[in-house]
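K.L.:
the following comprises the amino acid sequence and a computationally predicted model.
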Amino acid sequence: MKLKAGSFLYYLYVDRLYCLMSVRNTNVLMEYFKLLDVHNKNTLNDIQFYHFMHHTTDLKKKEILQVFDMLDWNARGEISFELFYMLVCILICNEQKMEKQFIYRHSLSVFELLDLDGRHTINPTEFQNSGFLFNLKGHALQQIFMDFDASGDEKLSYKEFQMFAICCIEKQKEAQRMETRKDGTEEQAVKHSIKSIKSIKSIRA
Ligand SMILES: [Ca+2]
Ligand SMILES: [Ca+2]
């Protein structure tokens, strides 16, 4: 799930630790929500939600309706600002490659979101069908499921899911360390090139 270019959500930020918006950004989002909520019900129905998601993300119609059902877990046909806020935080985290940090910080909310039938476990179909929310796809998803289903009952309990969340954050930290190392190597390479150019110039002089 990615943001479309030019979306207003590009101007919002989440903090890197808790993956939540500042009060100022939340107020801006609240004003935006009110604009979408043309019936002044403090909620969005499926049509309003569809148009928002279609305008803002790369999701297909089927996926958008699926996200609506995930958020509208009690089948009221509408979603509140709190859930809208959570979805926008996920979208921004995806954009900033912080989706794993979000899963770790909000593991219970994510678990409840993915547990579509509300039976307090996540089965392979639920996991497979909702992975796109966090850009988890295909074979990797299947492997994750098998790795963390410690009890082998083909369901992830919340405890098993928490282990997955912890592993997510470790992987993210490792990726960040690699990125920093890469930046450091590139910086060294640039410094080395500048040094070489300077020495060539001094030889020529
Ligand atoms: Ca379930
Ligand atoms: Ca299990």
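P.N.:
Yes, it's here. Ligands and ions are numbered 1, 2, ... in the order given.

K.L.:
and whatever residue of the chain ends up closest to ligand 2, how many neighbours?
P.N.:
Ranking the residues of the chain by distance to ligand 2 (CB to the ion) places residue 151 first, at 3.8 Å. (Each C-beta comes from the backbone N, C-alpha and C, glycine too.) Applying other CB atoms under 10 Å, we find 10 residues neighbouring residue 151.

K.L.:
please apply the same query to residue 119.
P.N.:
Summarising burial for residue 119: neighbours were counted as other CB under 10 Å, giving 10.

K.L.:
near ligand 1, which residues of the protein?
P.N.:
Among all residues of the chain, those adjacent to ligand 1 (criterion: CB under 5 Å from the ion) are 115, 117, 119.

K.L.:
that older thread, just checking, the residue of the chain closest to ligand 2 touches residue 163?
P.N.:
No: proximity of residue 151 to residue 163 does not meet the contact threshold set by CB atoms under 8 Å, at 11.5 Å.

K.L.:
list of residues touching stretch 105-120?
P.N.:
By CB atoms under 8 Å, 6 or more residues apart in numbering, the surrounding residues in contact with stretch 105-120 are 17-19, 69-71, 73, 86, 102-103, 121-123, 126-127, 129-130, 133-134, 157-158, 161-162, 165.

K.L.:
can you redo the residues of the chain next to ligand 1 as JSON lines with distance to residue 30?
P.N.:
Supplementary listing: those in JSON lines, determined by distance: CB to CB, whole Å:
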{"residue": "115", "distance to residue 30": "28"}
{"residue": "117", "distance to residue 30": "31"}
{"residue": "119", "distance to residue 30": "33"}
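
K.L.:
let's have the residues you listed in a markdown table, adding pLDDT and secondary structure.
P.N.:
Formatted as a markdown table, the residues of the chain next to ligand 1 follow (pLDDT from 0 to 100; DSSP: H, G, I helix; E, B strand; the rest coil):
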| residue | pLDDT | secondary structure |
| --- | --- | --- |
| 115 | 93 | coil |
| 117 | 91 | coil |
| 119 | 95 | coil |
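
K.L.:
sweet, I'm off.
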